[in-house]
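S.K.: predicted model and sequence below, questions to follow.
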Amino acid sequence: MNELPQQLADGLALGALYGLIAIGYTMVYGIVQLINFAHGEIFMVGGFGALSAYTILPDGTSLLLAIPVMLIGGAVVSVAVATAAERFAYRPLRGAPRLAPLITAIGLSIVLQQLVWGFYPGAKSPVSFPEFTGDSFQILGSLHISRADAFVLAAAPLCMLALGVFVSKSRSGRAMQATAQDPDTAKLMGINTDRIIVMAFAIGAAFAAVAAVAEGLDKGQIRFEMGFLLGLKAFTAAVLGGIGNIYGAMIGGVLLGLAETLSIAYVEHIPGMAQFGGGAWKDIWVFSLLILVLLFRPQGLIGQRVADRA
């Protein structure tokens, strides 16, 4: 139990990462009822875009100065890929049966993976990513927060605060809410719903790029396939919190991160459960949590039933 504060801190950092990616899933679903399974690869290309931006900087550039450039480079690449996907892959299928865009999203995910694998130099194996040097931050004597964890713990609340203000206070944010509630009526009221949908894709992609930079800074490397599992867990976080609810996405991400971290640390110490502990079983416990929540609240923790929203 002496390690509990440390495990909670690690879980919060991991959950913040999941939440940043999950927002992209929930924003797109909330507006166009589309599960964009290529969003994990939007996250992945953001990491490679950030790395490309870093490589053009002069040698010896401080990492603190390089991070803003990496964030911009990653966001530009992620937003460009996401908006192109919306325009050329998803928009022509809006009136089609829901299975068509779902299959398209899966196909696009595979295409993006293979494009990075085939054309990015050295991407056939893990690619080195700049990482923080120096000691971790020590809080309250025994609590250690790595610099990468501190970055994501600072970035996630700032991104959520900016998004909350944008959605609730700006004209485009209110138009986004109107489009999510009733796109046909929103269009009749003069809202350019196509622009709003593109905006949702772009915001989700930008958040995914921030998460990709955080992941690279933490692991010290990025991989062409890293978007698959992280994207799947982020989608799980969005469903757990209530898909379509941006705050639910972050809450679901935090809960997922805590569940994963605590299961690794403590399940093996439960009598009779030693063989089910450790990192090998962490994904099983995470998805078991999702199943349990959906059994009792199919709409997610803070989601709304469809009948309530109609």
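M.R.: Now that the structure is in, tell me what you want to look at. Numbers count the residues shown, from 1 in each chain.
S.K.: going forward, measure contacts between C-alpha atoms and count neighbours the same way
M.R.: Will do.
S.K.: show me where the protein has helices.
M.R.: 4-32, 39-55, 63-85, 99-119, 147-169, 171-181, 183-188, 193-219, 226-241, 246-266, 282-296, 306-309 (DSSP state H).
S.K.: would you indicate which residues of the fourth one are buried?
M.R.: Within helix 99-119, the residues that qualify as buried are 101-102, 104-105, 108-109, 112-114, 116-117, counting by 16 or more other Cα atoms under 10 Å.
S.K.: which helices and strands sit right next to that helix?
M.R.: helix 39-55 (3 or more Cα pairs under 8 Å, 6 or more residues apart in numbering; DSSP states H and E).
S.K.: now the helix it packs on against helix 193-219, angle please.
M.R.: Orientation of helix 39-55 against helix 193-219 (axes from the mean of the first three to the mean of the last three Cα atoms, to 10 degrees) gives an angle of 60 degrees.
S.K.: for Gly11, give me its contacts.
M.R.: By Cα atoms under 8 Å, 6 or more residues apart in numbering, Gly11 lies in contact with 254, 257-262.
S.K.: Phe129: which of the helices of the chain is closest?
M.R.: helix 193-219 (5.7 Å; Cα to Cα).
S.K.: report all helices and strands that that closest one contacts.
M.R.: By 3+ Cα pairs under 8 Å, 6+ apart, helix 193-219 packs against helix 4-32, helix 39-55, helix 63-85, helix 147-169, helix 171-181, helix 183-188.
S.K.: angle of that helix against helix 147-169?
M.R.: Using the same axes, to 10 degrees, one finds that helix 193-219 and helix 147-169 are set 160 degrees apart in direction.
S.K.: buried residues in helix 193-219, which are they?
M.R.: 193, 196-218.
S.K.: tell me where the model's unsure across the stretch 151-300 of the chain.
M.R.: 269, 272, 274, 276-278 (pLDDT under 70).
S.K.: how many residues are close by Pro92?
M.R.: 11 (other Cα atoms under 10 Å).
S.K.: hang on, the earlier thing: of the buried residues of helix 99-119, just say which sits nearest to Ala80.
M.R.: The closest of those, once distances to Ala80 are taken by Cα to Cα, is Leu112, at 12.8 Å.
S.K.: who's the closest spatial neighbour of the closest one, skipping the chain neighbours?
M.R.: Closest residue in space to Leu112, ignoring its immediate chain neighbours: Glu41 at 6.4 Å, by Cα to Cα, 6 or more residues apart in numbering.
S.K.: same question for Gly11.
M.R.: Excluding the flanking residues, the one nearest Gly11 by Cα to Cα, 6+ apart is Leu258, at 4.1 Å.
S.K.: just say which of the helices of the chain is most tucked in.
M.R.: helix 39-55 (a mean of 27; mean count of other Cα atoms under 10 Å).
S.K.: that helix vs helix 4-32, what angle?
M.R.: Orientation check (the same axes, to 10 degrees): helix 39-55 against helix 4-32 gives 110 degrees.
S.K.: which helices and strands does helix 39-55 pack with?
M.R.: helix 4-32, helix 63-85, helix 99-119, helix 193-219, helix 226-241.
S.K.: and those helices: which comes nearest Arg171?
M.R.: Across these, closest to Arg171 is helix 193-219 (Cα to Cα), at 11.0 Å.
S.K.: the helices of the chain into CSV, with extra columns for distance to Leu93?
M.R.: Formatted as CSV, the helices of the chain follow (distance: least, Cα to Cα, whole Å):
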stretch, distance to Leu93
helix 4-32, 11
helix 39-55, 17
helix 63-85, 12
helix 99-119, 6
helix 147-169, 26
helix 171-181, 18
helix 183-188, 16
helix 193-219, 13
helix 226-241, 22
helix 246-266, 25
helix 282-296, 29
helix 306-309, 23
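S.K.: understood, closing this out.
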